[in-house]
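Undergrad: next comes the sequence, and after it the predicted model I'd like to discuss.
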Amino acid sequence: MAVNKQAYEQIITDLGSHHVTLVAVSKTKSVEEIKQLYDLGQRDFGENYVQELVAKRSTLPADIRWHFIGHLQTNKVKQITPFVALVQSVDSLKLLQEIDKQAKKAGMEVDCLLQVHIAQEETKFGFSENELEQVITTLDELPLKHAHVKGLMGMASLTDDMNKVRSEFRYLKSLFDTFSSHRTEFSTLSMGMSSDYSVAIEEGSTMVRIGSLIFGART
């Protein structure tokens, strides 16, 4: 399947005026499709599965910035720390500490986002507001030298009700503003996907994760 070049260029135009970074979600997509988008200038790609990411990375250009956006198990962290640019889905202190440990072993620095649970669906991962506050407070006490928390990530409810989606994004932005006011390294707010990225941008997102609009629906 060919990449939708027209849709991609429109998204880039939309994001450019707001200084928002596009992460092209390439899970289940072929190396050939990713290379098509790479040739159009895209460099940030997001993957959900460790094994798939490792396989793709070995055959694609070295200057791709890989984002891990799926649920990450601690026993698989060491497979991606040597090269991953950003782990967007840190949902426990244990995972953050493991990333730091494996990054140290690999001699790397790994940027991370803390995933916040803002949707109604119970299946989505992430910190509650109270848990988030506890973890961020703990950051100052931990000797994390190789895992660097750069902001927050969240996924809105899967619904056609954009008012609901907007309220969830607005809530996440309020949390981001609260914590970034005293943590200067907090610069990234990743929220918004194919169905709701326009709303996310309006509510203050600095990074969106878009797949199906660019690559087509997944089979």
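TA: Good, I have the coordinates.

Undergrad: which of the helices or strands spans residue 131?
TA: The secondary structure element spanning residue 131 is helix 129-139 (assigned by DSSP states H and E).

Undergrad: report the buried residues of that helix.
TA: Judged by neighbour count using 16 or more other CB atoms under 10 Å, the buried positions of helix 129-139 are 131, 132, 135, 136, 139. For glycine as for every other residue, the C-beta is placed from the backbone atoms N, C-alpha and C.

Undergrad: going by distance to residue 82, which of those residues wins?
TA: Taking CB to CB as the measure, residue 82 sits nearest to residue 139 out of these, at 23.5 Å.

Undergrad: what pLDDT does the closest one get?
TA: On pLDDT, residue 139 comes in at 88.

Undergrad: so what's it up against?
TA: Each residue near residue 139 by CB atoms under 8 Å, 6 or more residues apart in numbering is listed here: 149, 183.

Undergrad: what's the average pLDDT for stretch 29-37?
TA: Averaged across stretch 29-37, the pLDDT comes to 96.

Undergrad: may I see the buried residues of it?
TA: Using 16+ other CB under 10 Å, the residues of stretch 29-37 that count as buried are 29, 33, 34, 36, 37.

Undergrad: hang on, the earlier thing: ok, then the element right after the helix holding residue 131?
TA: Scanning forward in sequence from helix 129-139 by DSSP H and E, the next helix or strand is strand 147-154.

Undergrad: and for that following strand, what's in contact with it?
TA: Contact partners of strand 147-154, identified using CB under 8 Å, 6+ apart, comprise 69, 86, 88-90, 96-97, 99-100, 103, 109-119, 126, 132, 136, 139, 168-169, 172, 175-176, 179-180, 185-191, 206.

Undergrad: narrow the residues you listed to those that are buried.
TA: 69, 86, 88-90, 96-97, 99-100, 103, 110-119, 126, 132, 136, 139, 168-169, 172, 175-176, 179-180, 186, 188-191, 206.

Undergrad: output the contacting helices and strands for the longest helix anywhere in the chain.
TA: Among the segments of the chain that qualify as a helix by DSSP state H, the longest is helix 162-180. Under the contact definition 3 or more CB pairs under 8 Å, 6 or more residues apart in numbering; DSSP states H and E, helix 162-180 sits against helix 129-139, strand 147-154, strand 188-190, helix 197-202.

Undergrad: least reliable of these going by mean pLDDT?
TA: Least confidently modelled of these is helix 129-139, at a mean of 93 by mean pLDDT.

Undergrad: angle of it against helix 162-180?
TA: For helix 129-139 against helix 162-180, the angle between stretch directions is 20 degrees (axes from the mean of the first three to the mean of the last three CA atoms, to 10 degrees).

Undergrad: strands along the chain, start to end?
TA: For the chain, applying DSSP state E gives strands covering 21-25, 44-47, 65-68, 86-90, 110-116, 147-154, 188-190, 207-210.

Undergrad: right, and these - which one's nearest residue 200?
TA: Ranking those by distance to residue 200, with CB to CB as the measure, places strand 207-210 first at 5.9 Å.

Undergrad: what's the mean pLDDT across the closest one?
TA: Looking at strand 207-210 alone, the average pLDDT works out to 98.

Undergrad: ok, and what's touching it?
TA: Under the criterion CB under 8 Å, 6+ apart, residues 11, 15, 20-25, 46, 67, 69, 88, 188-194, 197, 200-201 lie in contact with strand 207-210.

Undergrad: alright, I will stop here.
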